[in-house]
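# missing the sequence, but the structure's below:
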Ligand SMILES: Nc1nc2c(ncn2[C@@H]2O[C@H](COP(=O)(O)OP(=O)(O)OP(=O)(O)O)[C@@H](O)[C@H]2O)c(=O)[nH]1
Ligand SMILES: [Zn+2]
């Protein structure tokens, strides 16, 4: 099967030969941390650890743009379409620690151009996030997907997230969050549209 046809759940539950290597490596790593993982509570911990990382990176082998292939005919005149407060979970590619937050995703279709189901805006964000990532790359990939898959006058992806590597360790900046804005086309150049976008995002 082409990996593009797999859902994240397929990938997360598809155990193959590599899993045994992952499990063995997890046992070694946890052993180095002094965790023997032999009692009732922890004997499955290496497997849980591998599975958790697989779940968090289950979007690595799927193409989120596939969600933008099913379209509907335009409804009336083009309007700014914005999904706000879309939750996402990712892992930073530097520490493999989670970062979580919310996205605002928007596009302005070209007049008469097809539109997509609104849930697909959230699916695209969540699947790009489900990889070892940088926050900036998620935003870039989402607007790339919108502008390359749909006929749009503009697109945007605003993200706000808390990075565990920054709040729970290292600099220990508890409460800090990172905001990134990716704006394309009319959403970058038209101040009125931009204002409407940021008013909707209200972050
Ligand atoms: N730009 C960007 N940086 C990130 C992201 N996630 C984590 N980082 C940063 O990646 C950097 C890695 O820097 P290093 O100096 O190699 O790692 P480190 O010694 O663990 O750094 P500290 O976190 O400062 O302790 C850190 O500054 C992280 O805050 C992200 O999504 N975007
Ligand atoms: Zn990190």
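Sure thing, it's come through. Note that the structure is predicted; figures quoted are calculated from it, not measured. Ligands and ions are numbered 1, 2, ... in the order given.
# what's residue 57 sitting at in phi/psi?
phi -120, psi 20 (degrees, to the nearest 10).
# Am I right that it is in contact with residue 92?
No: at 11.5 Å, residue 57 does not count as touching residue 92 under the criterion of CB atoms under 8 Å. In short, each C-beta sits where N, CA and C put it, glycine included.
# joint contacts of those two?
Here residue 57 and residue 92 have residue 132 as joint contacts, going by CB atoms under 8 Å, 6 or more residues apart in numbering.
# wait, what's in contact with residue 175?
Applying CB under 8 Å, 6+ apart, the residues near residue 175 are residue 167.
# one more time with 10 Å, if that's ok
162, 167 (CB atoms under 10 Å, 6 or more residues apart in numbering).
# tell me the SS of it?
coil (DSSP: H, G, I helix; E, B strand; the rest coil).
# Equivalent analysis for the one 4 residues further on, please.
When the structure is split into helix, strand and coil by three-state DSSP, residue 179 lands in strand.
# Hmm, it is touching residue 160, no?
Yes: Residue 179 is within contact range of residue 160, at 4.7 Å (criterion: CB atoms under 10 Å).
# The two - which one has more neighbours?
residue 160 (17 against 12; other CB atoms under 10 Å).
# The one helix or strand the more buried one maps to pairs with which strands?
Element membership for residue 160, per DSSP states H and E: strand 152-163. Taking DSSP bridges as the criterion, strand 152-163 sits next to strand 98-109 (antiparallel), strand 178-185 (antiparallel) in its sheet.
# any idea how far whatever helix or strand comes next after that strand is from the chain center?
Next along the chain after strand 152-163, taking DSSP H and E as the criterion, comes helix 164-167. How far helix 164-167 lies from its chain's middle: 18 Å, per CA atoms, centre = their mean, to the nearest Å.
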